[in-house]
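Peer 1: sequence unknown, structure follows:
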């Protein structure tokens, strides 16, 4: 591994873990975020206490939650919010059990979970554009899904959102995973492998690997799935029992979080300042974090429904995604699209 690639690996792997939420380590809690939540706890009541599950690694992509916490939006709404980092596979189960009131999950996690009887429901969209992508070196001749035929593609493993996204891209070109060479990188180093020429393409996230690699002088092209199958991006997920027992608190939380998104979109520096206040270690490279946040904000809406307010649920997209995943054999038991989402918490 060359020195530049070696420097890339920790950053790429860490941010990939945030969105993918897949790792074998135990979950952690952001110390600074938790301290802020604890400091506000004395003003809350039992009914307004909410534990919120974010992705595995603290990241500027959670700026709206940090901002709402640090600027007192949650407290002003009468809420006692604790932000907690969780592995995605654990998070969905804990949300279903009610030990976490509300968390982050995307359609590729929610659809199989509901199909297997986990009582969760998606209540607000955070990412209007599905962030998973396939990247390739610029000028290498890979500019559309059909160009992936016969190529080596790096991926963390044959699971999760990136695996489903890849199958959607290939299917759009009448290809399957049998038409490419899959190379797995369990430690999420597939982008560094792409830089080194070990693979021809790699899975990643639109607000992660292309930015990291560009800053390292490695230009890429991205293949996106959003225009092929509108896979639902990460959004707020709660348990069906929690939805009934904490309706008012969840409504207040959703409203405050969406207000934070509006504020940050208008002035990204607010999101950066709040992130650095609660997760100081991210301030070591402020320009990079600003780029990541800008790319993240760009995913909060999509080209299909540009006029929709933040949080709006694309129900037609959920039906298309359900149909697609059912066709791939990823939905073990019949589930109705109407049972996957609930817009009652939206303002």
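Peer 2: Happy to help now that I have it. All values reported here derive from a predicted model rather than from experimental measurement. Residues are numbered from 1 along each chain as shown.

Peer 1: mind listing the helices for the stretch 201-347 of the chain?
Peer 2: With DSSP state H, counting those that start in this stretch as the criterion, the stretch 201-347 of the chain has helices at 209-215, 240-245, 247-266, 268-278, 286-298, 315-327.

Peer 1: Settle this for me: residue 98 is touching residue 238, isn't it.
Peer 2: No. Counting by Cβ atoms under 8 Å, residue 238 is not a contact partner of residue 98; they are 9.0 Å apart. Just so you know, the C-beta spots here come from the backbone N, C-alpha and C atoms, and that holds for glycine as well.

Peer 1: Find the residues that touch each one of the two.
Peer 2: Common neighbours of residue 98 and residue 238, counting by Cβ atoms under 8 Å, 6 or more residues apart in numbering, are absent.

Peer 1: between the two, who's got more neighbours?
Peer 2: Shown here are residue 98 and residue 238; by other Cβ atoms under 10 Å, residue 238 has more neighbours (30 against 16).

Peer 1: Excluding chain neighbours, give the residue nearest to the more buried one in space.
Peer 2: residue 102 (4.5 Å; Cβ to Cβ, 6 or more residues apart in numbering).

Peer 1: and the gap between the one you found and residue 134?
Peer 2: The gap separating residue 102 from residue 134 is 31 Å, by Cβ to Cβ, to the nearest Å.

Peer 1: How about residue 262?
Peer 2: 31 Å.

Peer 1: And residue 335, by the same measure?
Peer 2: 28 Å.

Peer 1: So for these two, which sits in the more crowded spot?
Peer 2: Between residue 335 and residue 134, counted using other Cβ under 10 Å, residue 134 has the larger neighbour count: 26 against 20.

Peer 1: Which elements pack onto the helix or strand the more buried one falls within?
Peer 2: Using DSSP states H and E, residue 134 maps to strand 132-137. Of the remaining helices and strands, those touching strand 132-137 by 3 or more Cβ pairs under 8 Å, 6 or more residues apart in numbering; DSSP states H and E are helix 160-172, helix 190-196, strand 201-205, helix 209-215, strand 220-224.

Peer 1: Output these as TSV; include the columns distance to residue 140 and mean pLDDT.
Peer 2: Converted to TSV, the helices and strands packed on strand 132-137 look like this (distance: least, Cβ to Cβ, whole Å; pLDDT from 0 to 100):
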stretch	distance to residue 140	mean pLDDT
helix 160-172	16	93
helix 190-196	10	97
strand 201-205	8	97
helix 209-215	13	95
strand 220-224	8	97
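
Peer 1: Residue 342: which of the ones you listed is closest?
Peer 2: helix 160-172 (21.2 Å; Cβ to Cβ).

Peer 1: From the contact counts, what lies against the closest one?
Peer 2: Under the contact rule (3+ Cβ pairs under 8 Å, 6+ apart), helix 160-172 is packed against helix 3-20, helix 107-115, strand 132-137, strand 152-155, strand 201-205.

Peer 1: Pick out the shakiest of the ones you listed, pLDDT-wise.
Peer 2: Comparing the helices and strands packed on helix 160-172 by mean pLDDT, the weakest confidence falls on helix 3-20, with a mean of 38.

Peer 1: ok, back up a step: turn the helices of the stretch 201-347 of the chain into a markdown table, columns for mean neighbour count.
Peer 2: Output for the helices of the stretch 201-347 of the chain, formatted as a markdown table (neighbours: other Cβ atoms under 10 Å):
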| stretch | mean neighbour count |
| --- | --- |
| helix 209-215 | 21 |
| helix 240-245 | 16 |
| helix 247-266 | 20 |
| helix 268-278 | 21 |
| helix 286-298 | 17 |
| helix 315-327 | 18 |
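
Peer 1: Now stretch 324-336: average pLDDT?
Peer 2: Rounded mean pLDDT across stretch 324-336 is 92.

Peer 1: now swap in stretch 61-70 and tell me
Peer 2: Across stretch 61-70, the average pLDDT comes to 98.
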